[in-house]
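Chemist: okay, sequence plus prediction incoming.
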Amino acid sequence: MSLFSNPFDSNVRLRCACGQHQSEAEHQASLTLVEQRSSDALTSRVVEQAVMRAVFPEDGMRRRFLQAVGAPTALAALSALFPLAAAKEAFAQGGKLEKADLKIGFIPITCATPIIMADPMGFYKRQGLNVEVIKTAGWAVIRDKTMNKEYDAAHMLSPMPIAISIGAGATPTPYTVPAIENINGQAITLAMKHKDKRNPKDWKGFKFAIPFDYSMHNYLLRYYLAEHGLDPDRDVQIRVVPPPEMVANLRADNIDGFLGPDPVNQRAVFDGVGFIHILSKELWDGHPCCAFAASKEFMTSNPNTYAALLRAIVQATAYAQKAENRKEIAAAISTSNYLNQPLTVVEQVLTGTFADGLGGVKKVPDRAGFDPFPWESFAIWILTQMQRWGQIKGEVDYQKIARDVFLATDARRAMEQAGLVPPSANTKSITVMGKVFDSSKPKEYLDSFAIKKV
């Protein structure tokens, strides 16, 4: 069964029912009604299923009962014994929000799609939240503003909350990842002058940009270079460049290429200054990139607000995963207050039909994906790479850090509330460039690399 099975009824979309209105106000009123009906129906199904499971905990018994009397009669019988209407109302409202007005920082890249789109498309409002999403210059600024409590939560690179929690590059502060924002959606892009240098062994002396030291971009680029026999710390230069500045630096010949987030890879192609060498999904299909992150203090001090915020993010992520919604989302987030990119560029990224910069058109529907589950395996792999390249020293309690930071239990609960089907396990096998990673044996994995700092 798909992870995103039936998150909403298939005939419910975030647009008006007929597509024709006399005014924008009428259009918005119709849109709100459609959204509310979808939300109400979803809440009803979740509560009804929960009560049915509680009364009939054994699957076989529950199925026999439903087959014998039918679903409508079963629900009527349960309603006589259990206050379903009150339960649905309580579930829909949740606990009282400790804080309704929130600020969330984001970097203008497609990795932040669920966090961004949840604003114009109403996902926050349906949870009773008034969220201001704030475009931010770079990852260090995101980190500092979140730690200084200027932001309540943030769009972060998935390794950042791990680094913050263990004190790598910052004062140790417990942070959490209750939801992954995106999977895949990155690429290695090279300057056009290198179109005849497709073999990484020819890249000695190249200058590469990454968005941050504690990023999947850094670890995937280093992994890719090392697998081709290059030492990332000796044979090339790797420097931090904020994503919005990557294309300009490529154009100015300050760098030879970058492993960066979309849409900057596609923008380099659009501007004619670069070509896509390889998509990150070709290195590790299904890898995490960015995350929705919050401090543990925010989570524990505002449990109801935190739960509502996580529900909004998970529901937006589920909506973003559906291919039929991608063009609508591209139109919502490409504007100047969000990504500030040509609609064509954002559509090419989200739909997976794109120009590669070398005269070809590729069709890769899962170039960018959205899956909220924070697998603990992801965190453990990240920790091995942080060790591999000298960002952390000494013994590492991989499993504990993964459990403390990547909150699989919270994600599972939020996904179930959204009508999704979360995985039952917290870990899974990972394959990076053909090499299998077993998260129960991180030390053996780390020791297997010939090129490393440790």
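Modeler: Perfect, I can see it now. What you are looking at is a predicted structure, and each value in this text was computed from that prediction instead of being measured.

Chemist: show me where the stretch 351-454 of the chain has helices.
Modeler: Here the stretch 351-454 of the chain has its helices, by DSSP state H, counting those that start in this stretch, at 376-388, 398-405, 408-417, 442-447.

Chemist: what's the longest one packed up against?
Modeler: Spelled out, it's helix 376-388. Under the contact criterion of 3 or more CB pairs under 8 Å, 6 or more residues apart in numbering; DSSP states H and E, helix 376-388 touches helix 159-166, helix 216-227, helix 398-405, strand 430-432, strand 435-437, helix 442-447. C-beta coordinates here come from the backbone N, C-alpha and C atoms, glycine included.

Chemist: at 7 Å instead, please
Modeler: helix 159-166, helix 398-405, helix 442-447 (3 or more CB pairs under 7 Å, 6 or more residues apart in numbering; DSSP states H and E).

Chemist: tell me the buried residues in the second one?
Modeler: I take that to be helix 398-405. By neighbour count on 16 or more other CB atoms under 10 Å, the buried set for helix 398-405 is Tyr398, Gln399, Ile401, Ala402, Asp404, Val405.

Chemist: what sits against the first one?
Modeler: Right, the one you point to is Tyr398. By CB atoms under 7 Å, 6 or more residues apart in numbering, the residues touching Tyr398 are Ile380, Leu383, Pro442.

Chemist: confirm for me that Thr113 is in contact with Ile329.
Modeler: Yes - counting by CB atoms under 7 Å, Thr113 does reach Ile329; the two are 6.4 Å apart.

Chemist: find residues that contact each of the two.
Modeler: The contact sets of Thr113 and Ile329 overlap at Ala320 (CB under 7 Å, 6+ apart).

Chemist: how many neighbours does Thr431 have?
Modeler: 12 (other CB atoms under 10 Å).

Chemist: can you pull up the bridge partners for it?
Modeler: Val436 (DSSP bridges).

Chemist: who has more neighbours, Thr113 and Ile329?
Modeler: Thr113 (33 against 25).

Chemist: can you report phi and psi for the nearest residue to the more buried one once chain neighbours are set aside?
Modeler: Nearest residue to Thr113, sequence neighbours excluded (CB to CB, 6 or more residues apart in numbering): Ala320, at 5.2 Å. Ala320 has phi and psi values of phi -70, psi -30 when expressed as degrees, to the nearest 10.

Chemist: before we move on, the earlier item: turn the buried residues of helix 398-405 into JSON lines, including distance to Lys428 and pLDDT.
Modeler: Below are these laid out as JSON lines (distance: CB to CB, whole Å; pLDDT from 0 to 100):
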{"residue": "Tyr398", "distance to Lys428": "15", "pLDDT": "97"}
{"residue": "Gln399", "distance to Lys428": "15", "pLDDT": "97"}
{"residue": "Ile401", "distance to Lys428": "18", "pLDDT": "98"}
{"residue": "Ala402", "distance to Lys428": "12", "pLDDT": "98"}
{"residue": "Asp404", "distance to Lys428": "19", "pLDDT": "97"}
{"residue": "Val405", "distance to Lys428": "17", "pLDDT": "98"}
